[in-house]
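Peer 1: this one's sequence-less:
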């Protein structure tokens, strides 16, 4: 049981790291779009930023519920 709990904690950290990375890359694309007045980069940046935020929310809210599955 302890292994499963630790695995869920590691999964939570990994999912949040991926989401944070995607969000940061989205901010970079967004700023590039505003700097060069490139609507394509702005659009891509906001999509990546929102997707990264969604993935972080999954890591915060949904992944910890997995530890309640086996008890």
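Peer 2: Yep, that arrived. Keep in mind it's a predicted model, so treat the numbers as computed, not measured. Numbering: from 1, shown residues only.

Peer 1: Residue 18 and residue 34: what is the separation?
Peer 2: According to Cβ to Cβ, to the nearest Å, residue 18 stands 25 Å off from residue 34. Any C-beta I mention is one placed from the backbone N, CA and C, and that applies to glycine too.

Peer 1: What of residue 23?
Peer 2: Counting by Cβ to Cβ, the gap from residue 23 to residue 34 is 17 Å.

Peer 1: neighbour count winner among those two?
Peer 2: residue 23 (19 against 12; other Cβ atoms under 10 Å).

Peer 1: Would you agree residue 34 is in contact with residue 42?
Peer 2: Yes: using Cβ atoms under 8 Å, residue 34 makes contact with residue 42 at a distance of 6.6 Å.

Peer 1: Could you pull out the buried residues of stretch 47-64?
Peer 2: When burial is assessed from 16 or more other Cβ atoms under 10 Å, stretch 47-64 yields the following buried residues: 48-49, 52, 55-56, 59, 63.

Peer 1: Sitting in strands, which of these do you find?
Peer 2: Judged by DSSP state E, strands contain none of those.

Peer 1: Closest one of these to residue 10?
Peer 2: In terms of Cβ to Cβ, no member of the buried residues of stretch 47-64 lies closer to residue 10 than residue 63, at 9.9 Å.

Peer 1: Excluding chain neighbours, what is closest to the closest one?
Peer 2: Excluding its sequence neighbours, the residue lying closest to residue 63 (Cβ to Cβ, 6 or more residues apart in numbering) is residue 12, at 4.3 Å.
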